[in-house]
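K.L.:
no sequence on hand, only this structure:
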């Protein structure tokens, strides 16, 4: 593992900030509203409330969350990336400690407002971590492992797990909290989809007279290949080349700028891609 002072220093600072925001969100919104945000965090809160209500034992948030994250962290360190896992562990542990020791200061007691704004903050924090090549832990490790290494669409499995958590919460503590938690998770997911686009793809169709130069720029930035097809302009009946390539959404703007530089007269059509089957390069996690 190599560390760059400037790059990793920035990464460290952002992850620490994300941990503070996540802990404040848990204390000020999630716990105040009695919500269950899903994943390891939701399961931790559910277990805390079960032990507190039925056994009159207050379990430390850190203890429960560390136990739940032990196997996912092993998966991350063994199969996903060492630096990725180390920064994720920092995020997990700092969030745990701050959640245990920061005082609670409720901003509002309106459960609907808590669900919406808590979900917005949660999605923002998760996106921030993923942008820094880290995660908030729990099921994210498992989903990334299965998606990248086993080519399994694991995010649906995570959704099923969250449904079980919400169902248990509804049975034990009332369905109103479970339903509000769905609003929280939906809001969080929408923010995540809007801000983090690594696992989304876009298809580029580039009509150009400089196909080789365009392909080289696409390959240099995204490490993706391209298919070059023959075409003909219908107006002037001149021969054209059409360069077809699929790139990650977070790289699309950089690729388009590079293509414009290679051929200022290129015609570029960008299409949102719903699904890709076959070999598609993903930047490895460190």
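P.N.:
Arrived safely, thanks for sending. None of these values were measured; they are calculated from a predicted model. Numbering: from 1, shown residues only.

K.L.:
run through the helices of the stretch 101-250 of the chain in chain order.
P.N.:
In the stretch 101-250 of the chain, the helices defined using DSSP state H, counting those that start in this stretch lie at 111-131, 139-149, 155-173, 175-195, 211-222, 249-262.

K.L.:
and residue 272, which of the ones you listed is closest to it?
P.N.:
Distance to residue 272, taken as C-beta to C-beta, is lowest for helix 249-262 among the helices of the stretch 101-250 of the chain, at 8.0 Å. Placement of C-beta: from N, CA and C, glycine included.

K.L.:
return the member of the helices of the stretch 101-250 of the chain having the minimum mean pLDDT.
P.N.:
Out of those, helix 139-149 stands lowest, with a mean of 76 (criterion: mean pLDDT).

K.L.:
sorry, back to before: and of the helices of the stretch 101-250 of the chain, who's closest to residue 55?
P.N.:
When the helices of the stretch 101-250 of the chain are compared by C-beta to C-beta, helix 155-173 sits nearest residue 55, at 13.2 Å.

K.L.:
which elements pack onto the closest one?
P.N.:
Packing partners of helix 155-173 (3 or more C-beta pairs under 8 Å, 6 or more residues apart in numbering; DSSP states H and E): helix 39-54, helix 139-149, helix 175-195.

K.L.:
which positions in it come out as buried?
P.N.:
158, 161, 162, 165, 166, 168, 169, 170, 173 (16 or more other C-beta atoms under 10 Å).

K.L.:
I'd like the residues you listed laid out as TSV, including distance to residue 81.
P.N.:
Listed next are these as TSV, based on distance: C-beta to C-beta, whole Å:
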residue	distance to residue 81
158	19
161	23
162	25
165	27
166	31
168	32
169	33
170	37
173	37
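
K.L.:
of all those residues, which comes closest to residue 96?
P.N.:
Nearest member of these to residue 96, counting by C-beta to C-beta, is residue 165, at 18.5 Å.

K.L.:
just to check, that closest one is in contact with residue 46?
P.N.:
Yes. Applying C-beta atoms under 8 Å, one finds residue 165 in contact with residue 46, separated by 6.1 Å.

K.L.:
what's the overlap in contacts for these two?
P.N.:
residue 36 (C-beta atoms under 8 Å, 6 or more residues apart in numbering).

K.L.:
state the pLDDT value of residue 279.
P.N.:
pLDDT at residue 279 comes out at 66.

K.L.:
again, but for residue 239
P.N.:
89.

K.L.:
bridged to it, which residues?
P.N.:
Beta-bridge pairing for residue 239 (DSSP bridges): residue 232.

K.L.:
mind checking how far it is from residue 265?
P.N.:
Going from residue 239 to residue 265 by C-beta to C-beta, to the nearest Å gives 15 Å.

K.L.:
what average pLDDT does stretch 46-57 get?
P.N.:
For stretch 46-57, mean pLDDT rounds to 90.

K.L.:
that one: how far from the chain's middle?
P.N.:
30 Å (C-alpha atoms, centre = their mean, to the nearest Å).

K.L.:
same question, stretch 260-276
P.N.:
For stretch 260-276, the distance to the chain centre is 25 Å (C-alpha atoms, centre = their mean).

K.L.:
how about that stretch: buried residues?
P.N.:
For stretch 260-276, the neighbour count (16+ other C-beta under 10 Å) marks 262, 263, 266, 268, 270, 273 as buried.
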